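In: Take a look and give me a structure for this.
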Amino acid sequence: MHHDFIDRYSRLDSVVHRRAAGLKLAVALALLLAIILWPRLDKSGLIAFAAIAVVLLGLAALSRIPPGFLATRLLMLEPFALGIAFLSLFQPGGGQTFLLLLLRSTLCLFTVLLLTNTMPFADILRVLKRCRSPSLLLTTLALMYRYLFVLIDELERMQRARAARTFRGGRWQTWRALALLAGELFVRSTERAERIYAAMCARGWK
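Out: As a prediction, the model looks like this:
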């Protein structure tokens, strides 16, 4: 199991990485709240978003995370931000709302990317536990983080098996194979979740 795409650079030695986990989580939450709660995209709003972007870029530079890594991950997540913001174009005055939602989503994604790559996920869970977060939420997050890599390994094995048994076809055949692969992965992940839950219950987990 070699996947580290979530927090690949979370154990670097930099000014940002050496800060306390609670402080980093508090700063990230403050930035997220400031981004989400800003009401309008007027002149003051543009200045506020620009200031937040400068702060995030400064923190990214201090953290010594490769800019290409952050840019690639942000571009991978940007379609979700565009999809959410696109719905606002169908209402009156949707252009400004579209820009506001797009800026908010992009800055929030960048904030979360920085947070997850400047502190290990286990540290995030420990801080949330000290803040008395619900134990069920912490357990769900821990299991999600753990078994996400298992599902990725399962997907890679399925892809290798498909490639070994089929010839390469056109684009339509490729998309059809990917759709079947996604459906099979969903079925396998559901079955695995049921087996894991049954094993946990058999060991006294409530």
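In: domains for the chain, by residue range?
Out: Domain assignment for the chain by automatic domain parsing gives 21-130, 135-202.
In: for those, which one ends up most surrounded?
Out: Of all the domains of the chain, domain 21-130 has the most neighbours on average by mean count of other C-beta atoms under 10 Å, namely a mean of 15. Every residue, glycine included, has its C-beta placed from N, CA and C.
In: still on that earlier bit, and the domains of the chain, which one is worst for confidence?
Out: The minimum mean pLDDT among those belongs to domain 135-202 (a mean of 79).
In: now the end-to-end length of that domain.
Out: 19 Å (C-alpha to C-alpha, to the nearest Å).
In: repeat for stretch 11-30
Out: Its start and end residues considered, stretch 11-30 measures 23 Å (C-alpha to C-alpha).
In: who's in contact with that stretch?
Out: Contacts of stretch 11-30 with the rest of the structure, by C-beta atoms under 8 Å, 6 or more residues apart in numbering, involve 10, 59, 62-65, 111-112, 114-115, 118-120, 123-124, 126-128, 130.
In: quick one on the thing from earlier: could you dump the domains of the chain into a markdown table and include distance to Val15?
Out: Shown next, in a markdown table, are the domains of the chain (distance: least, C-beta to C-beta, whole Å):
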| stretch | distance to Val15 |
| --- | --- |
| domain 21-130 | 5 |
| domain 135-202 | 26 |
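In: quick one: the helices in the protein?
Out: Assigned by DSSP state H, the helices in the chain fall at 21-37, 43-63, 67-86, 94-116, 121-130, 135-165, 171-202.
In: packing partners for the shortest one?
Out: With contacts defined as 3 or more C-beta pairs under 8 Å, 6 or more residues apart in numbering; DSSP states H and E, the packing partners of helix 121-130 are helix 21-37, helix 135-165.
In: could I get the helices of the chain as CSV with distance to Ser14?
Out: Listed next are the helices of the chain as CSV, based on distance: least, C-beta to C-beta, whole Å:
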stretch, distance to Ser14
helix 21-37, 12
helix 43-63, 5
helix 67-86, 14
helix 94-116, 12
helix 121-130, 15
helix 135-165, 23
helix 171-202, 35
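In: would CSV of the helices and strands packed on helix 121-130 with distance to Pro92 be doable?
Out: Output for the helices and strands packed on helix 121-130, formatted as CSV (distance: least, C-beta to C-beta, whole Å):
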stretch, distance to Pro92
helix 21-37, 23
helix 135-165, 38
